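Participant: Sharing a model prediction with you, sequence too.
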Amino acid sequence: MLPSYYWPVLTILLGIVGTIFKLLVWGFWFNKRETLNDRLSPEIAKTQDSIHERKLLPKLADIIDTVIARKKLWQAGPTITVLNEISIDVRVRDVIIVVSEKFALDRSFEGLHGLCKWVATSWLIAIISCVVLFFVYHHVPVEARICWIKFLLVVLTFAFLVGVIVLFLFSRAYNKLKRILRDYQF
């Protein structure tokens, strides 16, 4: 015989579980990646083009001008004097930094894509273990109930903690990427 509170509690549980499923599982597994692509891909491409035009090309032009000037001076004076007067390695280092900034944008964006599946998977495990825990509590014989409840509570706690941590990491990575994009708006 089921207790009188069984159906209202089941209805509330399924309502909460359905909401969490829609937002954190379905949303992150299917919708979040497309949303990220739609919102951030044009901004990332625009930012990378801007970095390319405003930072990389002037630095490359400066290196080319330095090399041309070095060739002209090389003919006029001794090699040691020319090499001491014109240093090119700092400029090459600046170009490498600019190229690594462009790659950092791509890595951040791909990291967001990877975190989406982790968020969805961890919350799906938490939802399944919560629903199974409810049914185990009400439908499994008392002798086996304690073992199952302990196991499901451990799984639920672990999945919930992982879900919260991965959701926090996703939020932090998203904010970091938006901050990087905002910093490069010229």
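Facilitator: Looks like it came in fine. Residues are numbered from 1 along each chain as shown.
Participant: Just give the number of residues close to residue 52.
Facilitator: When neighbours are counted by other C-beta atoms under 10 Å, residue 52 registers 14. Heads up, the C-betas are built off the backbone N, CA and C, glycines and all.
Participant: Ignore what I typed, I meant residue 66.
Facilitator: For residue 66, the count of nearby residues is 14 (other C-beta under 10 Å).
Participant: Tell me the spacing between it and residue 55.
Facilitator: Plainly put, residue 66 is 17 Å away from residue 55 if you go by C-beta to C-beta, to the nearest Å.
Participant: With residue 114 instead?
Facilitator: With C-beta to C-beta as the criterion, residue 114 and residue 55 are 28 Å apart.
Participant: Which one's more surrounded, those two?
Facilitator: Between residue 114 and residue 55, residue 55 has the larger neighbour count (other C-beta under 10 Å), namely 19 against 11.
Participant: Residue 98 is in contact with the more buried one, correct?
Facilitator: Yes - contact between residue 55 and residue 98 holds when scored by C-beta atoms under 8 Å: they sit 4.8 Å apart.
Participant: ranges for the helices of this structure?
Facilitator: Using DSSP state H, the helices of the chain run over 6-20, 32-51, 57-76, 79-85, 89-139, 142-183.
Participant: So what's the predicted local confidence for the nearest residue to residue 48 once chain neighbours are set aside?
Facilitator: In this structure, residue 48 finds its nearest non-sequential neighbour in residue 102, 5.2 Å apart by C-beta to C-beta, 6 or more residues apart in numbering. In the predicted model, residue 102 carries a pLDDT score of 84.
Participant: Contacts only, for residue 102.
Facilitator: 48, 51-52, 56 (C-beta atoms under 8 Å, 6 or more residues apart in numbering).
Participant: Give me the neighbour count for residue 154.
Facilitator: Using other C-beta under 10 Å, residue 154 is surrounded by 11 other residues.
Participant: what's the answer for residue 123, then?
Facilitator: Neighbour tally, residue 123, other C-beta under 10 Å: 26.
Participant: Next one: it from residue 27, what distance?
Facilitator: 10 Å.
Participant: Sweet, I'm off.
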